[in-house]
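>>> Give me a 3D structure for the following:
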Amino acid sequence: MGTAETVLIVTLLITMLAGVPITWSLGLASMLSIAVNSRLPITVISQRLFTGSDSFSMLAIPAFILAGDIMSKGGLSKRLVNFANSLVGWIAGGVSLVSLVACTFFAAISGSSVATTAAIGGLMYPEMVDRGYPKDYSSAVQAIGGTLGIVIPPSIVLVIYGNITGVSVADLLMAGIIPGIICGIALCVMAYFIAKKQNFPKEAKFVPKNLAVTFKDAIWALIMPVIILGGIYSGVFTPTESAAVAVFYGIIVCVFIYKELTFKDLWPIMKETAKSSANLMMLVVTAQLFGWLITYYKIPIYVTEVFMTVASNKYIFLILVNLLLIIAGMFMEVGATNLILAPILAPIAVAFGVDPVQFGMVFVFLLAMGQATPPFGTTMFVASGISKEPVSRVAKQILPFTAVQIACALLFSFVPILSTLLPSLLNK
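Take a look at the predicted model:
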């Protein structure tokens, strides 16, 4: 590598190790690299930053964040928990299953793992403890359930991945449905066996009437993903327009139907969304500049040659990617991993013959795993904050669920149809 490439990589590593926020790390590394490169004019910085933000699909990010915030504060999480309780609360380990099922439902309206853990965990952690479940285990269930927030659409991380790699956002969102459901079921199975082994308290009997009542109460939350994804694939609106529809739908449901919010309540929610969106958009545009430089310096070609030397076929490549992202997830924040590694690994996957939609799904699923993986998993810290349990105790209880997620990641890596079936059917 030349001087400019070395400055780019070394500056990024030094600033990240020094604890500099990832936005500034990416921006500083990119600007210093351009400054020492005599072939690139300094105006490239402003041009690429503008180009990085000049994307219609990027508008989906703040809109999905706002929709998730409105629905999390508008009583939807409570109704989803009640429905999940009627659906699976009677099974052994029922309260832990309720948490996981409720997280699966809430993931389909929030697009965020942290929001899912906070919304469902705040309701279900006290309930699990009151039913006699250990505090550390109860906290671990909330952390692992929250990881589904960026797998099941509408996932903000999938939208960002699509923007920085050029893969269809609509296809990526649809690709998350089957893997998200499979992982949710697998986590529930693990929770069931843990409950049987630990002899956790027995739950109430199944009451069909309660299921019907709670389903009716939660129906407005449950049909939102159907409206959003159905609208996208029927051609009624684009993924970006679907985010605006989600905001409008959330306001109608939470203000006029459930009446949990007033128009006065929307202003502080919008201010909070503006802050979150501004931080995220700054991160995305600096990452776009960084990603452009990576391509300009032909770094993916060098990395591809290394992978081609080590991996003889796409299956070995996917195993290596699984290992790389599991390790990266232990130490790096999801946004940083997505924005730094996706532009490098996505073209290599294509070179190995991996379907770009499948690879995007596997990539984001592995990022989701990292959110509950010690030592720096974000949902693990959120759950620990809710429960006031030490992170070390929560992490120990998460390990059996992490093993399940690793098995799911390998399944999605080696069986591409699980990710590509729905997009291919709906694109016909």
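>>> centroid residue for this protein?
Residue closest to the mean C-alpha point of the chain, counted by CA atoms, centre = their mean, is I150 at 1.8 Å.
>>> per-residue pLDDT, that one?
pLDDT for I150: 87.
>>> For the closest residue in space to it that isn't next to it in sequence, pull up the helix or strand it's in.
Closest residue to I150 apart from its sequence neighbours, by CB to CB, 6 or more residues apart in numbering: V157 at 4.2 Å. For glycine as for every other residue, the C-beta is placed from the backbone atoms N, C-alpha and C. Applying DSSP states H and E as the criterion places V157 in helix 156-165.
>>> how far out from the middle of the chain is that helix?
The chain centre lies 10 Å from the centre of helix 156-165; the measure is CA atoms, centre = their mean, to the nearest Å.
>>> Give me the next element, helix or strand, following it.
Downstream of helix 156-165, the first helix or strand assigned by DSSP H and E is helix 169-175.
>>> Now that next one: average pLDDT?
On average, helix 169-175 scores 90.
>>> tell me what that helix is packed against?
Where contact means 3 or more CB pairs under 8 Å, 6 or more residues apart in numbering; DSSP states H and E, helix 169-175 is packed against helix 156-165, helix 224-233, helix 239-251, helix 356-370, helix 417-426.
>>> was I right about the residue nearest to I150 contacting V364?
Yes. V157 lies in contact with V364 (CB atoms under 8 Å); the separation is 5.4 Å.
>>> so what's L172 closest to, chain neighbours aside?
L158 is the one closest to L172 (CB to CB, 6+ apart), at 4.5 Å.
>>> So for the one you found, what's the pLDDT?
As predicted, L158 sits at a pLDDT of 90.
>>> Provide a list of residues in contact with it.
I150, V169, L172, L173, G176, G360, V364 (CB atoms under 8 Å, 6 or more residues apart in numbering).
>>> Mind picking the two most distant members of those?
Pairwise distances across these peak at 13.9 Å for I150 and V169 (criterion: CB to CB).
>>> re earlier: any idea how far the residue nearest to the centre of the chain is from A346?
To A346, I150 is 17 Å away according to CB to CB, to the nearest Å.
>>> Setting aside sequence neighbours, what's the nearest residue to A346?
T165 (4.3 Å).
>>> what's around the one you found, how many residues?
A total of 21 residues lie near T165 under the criterion other CB atoms under 10 Å.
>>> Could you list the low-pLDDT ranges of the stretch 151-300 of the chain?
Scanning the stretch 151-300 of the chain for pLDDT under 70 picks out 202-204.
>>> residue ranges for the helices of the stretch 301-428 of the chain, please.
Applying DSSP state H, counting those that start in this stretch to the stretch 301-428 of the chain gives helices spanning 314-331, 334-351, 356-370, 378-387, 391-414, 417-426.
>>> what's the most buried one of those helices?
The highest mean neighbour count among the helices of the stretch 301-428 of the chain, using mean count of other CB atoms under 10 Å, belongs to helix 356-370: a mean of 26.
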